[in-house]
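A.B. asks: Need coordinates for the following:
(one chain, ligands or ions: 2)
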Amino acid sequence: MLVAPSILSADFGYLARDVEAICEGGCDFVHVDVMDGHFVPNLTIGPVVVDAVARVATKPLDIHLMVQNNSFFVDLFAPLAPEFISFHIEEEKHPHRLIQKIRSLGIRPAVVLNPHTPPEAIEFLLEDIDMVLLMSVNPGFGGQKFISSVIEKAKRLKKLILQKNPACLIEVDGGVNDENVKLLEEAGVDVVVAGSFVYGHPEGIKEAIASLR
Ligand code: DX5
Ligand code: ZN
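C.D. replies: Ligands and ions are numbered 1, 2, ... in the order given. Below is the predicted model of the structure:
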């Protein structure tokens, strides 16, 4: 299992320290939650702060956009050369066009599905993307309870991926811990995002990442 800790649960007064901790703790990606106060009822960080994150991170960035006007935000973050930029399908009229744009910038495109959105909604995009992110909470906040219907959704998505684009990864985000990660692994999930579990683990960040892996 690949592990992408979410820096939303870091101490933003010590952000460089907390980014270094997950990189040294063996994470695979640094998950960055970008919220605009419109698509979700919370506001987080823009390119100025994410640039500071990129300068200390020794692992690739996985940027999760929770915004209106995705194309504008892609332009803002593309200069930081993240590995992935993911956008919500619920907030994009022209997803295929935006995927081409992200790819043309040398970034791997990914699409995010809210808890209610069926995997079939992106069936005809799968050939063009490198990852699907399934939300297992309602986007906007860390520390929420895992919505277990994501397990069945991941299994259905995995079947579609095997038909259309077997290289496409499945990532799950929200409420992930060392219990539900086993069910996610069985369902075919490749990457887990975890914020509060990693940063709040009583035995430390390295132990938390190892237990998810
Ligand atoms: C929620 C974010 C998540 C969140 C995960 O909108 O997309 O990445 O930070 O945090 P936990 O693991 O605490 O649910
Ligand atoms: Zn996220």
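
A.B. asks: Quickly note the distance from residue 46 to residue 34.
C.D. replies: For residue 46, the distance to residue 34 equals 7 Å [CB to CB, to the nearest Å]. All C-beta atoms are positioned from the backbone trio N, CA, C, and that covers glycine.

A.B. asks: Now do the same contact list for residue 108.
C.D. replies: By CB atoms under 8 Å, 6 or more residues apart in numbering, the contact list for residue 108 reads 83, 84, 85, 102, 130, 131.

A.B. asks: okay, those residues in JSON lines with pLDDT, neighbour count and distance to ligand 1 next?
C.D. replies: Converted to JSON lines, the contacts of residue 108 look like this (pLDDT from 0 to 100; neighbours: other CB atoms under 10 Å; distance: CB to the nearest ligand atom, whole Å):
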{"residue": "83", "pLDDT": "99", "neighbour count": "18", "distance to ligand 1": "16"}
{"residue": "84", "pLDDT": "99", "neighbour count": "25", "distance to ligand 1": "13"}
{"residue": "85", "pLDDT": "99", "neighbour count": "27", "distance to ligand 1": "14"}
{"residue": "102", "pLDDT": "99", "neighbour count": "25", "distance to ligand 1": "18"}
{"residue": "130", "pLDDT": "99", "neighbour count": "19", "distance to ligand 1": "18"}
{"residue": "131", "pLDDT": "99", "neighbour count": "20", "distance to ligand 1": "14"}
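
A.B. asks: Name the nearest of those residues relative to residue 96.
C.D. replies: The nearest member of these to residue 96, counting by CB to CB, is residue 102 at 11.1 Å.

A.B. asks: Test my guess that the closest one contacts residue 111.
C.D. replies: No: with contact defined as CB atoms under 8 Å, residue 102 and residue 111 do not form a contacting pair (10.1 Å).

A.B. asks: Output stretch 73-85 as CSV, nothing but the C-alphas.
C.D. replies: What follows is stretch 73-85, C-alpha atoms only, in CSV (Å, rounded to 0.1, in the frame of the first residue of the first chain):
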residue,chain,number,x,y,z
PHE,A,73,-6.0,26.5,-9.8
VAL,A,74,-4.2,24.2,-12.1
ASP,A,75,-2.3,27.2,-13.5
LEU,A,76,-1.5,28.4,-10.0
PHE,A,77,0.0,25.0,-8.9
ALA,A,78,1.6,23.7,-12.1
PRO,A,79,4.9,25.6,-11.6
LEU,A,80,5.5,23.6,-8.4
ALA,A,81,5.7,20.5,-10.5
PRO,A,82,3.5,18.2,-8.4
GLU,A,83,3.3,14.5,-9.3
PHE,A,84,-0.5,14.5,-9.4
ILE,A,85,-3.2,17.2,-9.6
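
A.B. asks: so what's residue 87 closest to, chain neighbours aside?
C.D. replies: Among residues not flanking residue 87 along the chain, residue 70 sits closest, at 4.4 Å (CB to CB, 6 or more residues apart in numbering).
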